[in-house]
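Student: Just a sequence and a predicted model for now, questions to come.
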Amino acid sequence: MGAFEKRIPKAELHLHIEGTLEPEMMFEFAKRNRVPLRFDSPEEIRGAYRFRDLQSFLDIYYEGAKALVEERDFFELTAAYLQRAAAFIELPCVDSAPGGKANIDAVVIGEVLRSFWPRPLREVGR
């Protein structure tokens with residue numbers, strides 16, 4: 001990618017926020033939420049990011065999604081993503097982790113939205 005391509009604004013046309021979970025954060029959330037992972041370290045998780053097929057991708061995706069338990073996890077995950085995000089994102093709010101604990105409800109959506117602004121939503125636009 002050239003300098004011009006690196007400078008122009010980017011767009012995420014479809015993003016599942018759970019899919020932005022970095023290995024270090026997955027490990028941190030799992031430890032904090034007392035969720036066992038099949039990995040012993042963030043480095044081991046990162047090694048599993050070499051996908052062989054769709055199922056190997058889904059395995060790591062669901063492993064990470066089960067570490068997302070508390071509303072705070074979604075706030076921190078979204079805030080971390082926004083630090084490196086594209087200029088525009090489409091962020092669907094659906095429960096994309098069947099059987100996992102990443103249940104999307106009004107409180108979780110509120111935490112995701114709260115991460116977009118550094119101050120309470122009631123103060124935005126003042």
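Tutor: Looks like it came in fine.
Student: Okay, helices next: where are they in this protein?
Tutor: Shown for the chain, the helices assigned by DSSP state H span residues 3-7, 23-32, 42-48, 54-65, 71-83, 106-114.
Student: Turn the ones you listed into a markdown table, including mean neighbour count and mean pLDDT.
Tutor: Glycine gets a C-beta too; all of them are placed from N, C-alpha and C. Shown next, in a markdown table, are the helices of the chain (neighbours: other Cβ atoms under 10 Å; pLDDT from 0 to 100):
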| stretch | mean neighbour count | mean pLDDT |
| --- | --- | --- |
| helix 3-7 | 7 | 79 |
| helix 23-32 | 18 | 95 |
| helix 42-48 | 15 | 93 |
| helix 54-65 | 16 | 92 |
| helix 71-83 | 18 | 85 |
| helix 106-114 | 16 | 65 |
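Student: can you list the ones you listed in TSV and add distance to Ile17?
Tutor: Output for the helices of the chain, formatted as TSV (distance: least, Cβ to Cβ, whole Å):
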stretch	distance to Ile17
helix 3-7	24
helix 23-32	12
helix 42-48	18
helix 54-65	10
helix 71-83	6
helix 106-114	7
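Student: Tell me which of the ones you listed lies nearest to His16.
Tutor: Between His16 and those, the shortest gap by Cβ to Cβ is with helix 54-65, which sits at 8.2 Å.
Student: Show me what the closest one packs onto, helices and strands only.
Tutor: On a contact count with 3 or more Cβ pairs under 8 Å, 6 or more residues apart in numbering; DSSP states H and E, helix 54-65 meets helix 42-48.
Student: so which of the helices of the chain comes closest to Leu13?
Tutor: Using Cβ to Cβ, those put helix 71-83 closest to Leu13, at 15.0 Å.
Student: For the closest one, which helices and strands make contact with it?
Tutor: Packing contacts for helix 71-83, counted by 3+ Cβ pairs under 8 Å, 6+ apart, involve helix 23-32, helix 106-114.
Student: how about 10 Å then?
Tutor: helix 23-32, strand 88-89, helix 106-114 (3 or more Cβ pairs under 10 Å, 6 or more residues apart in numbering; DSSP states H and E).
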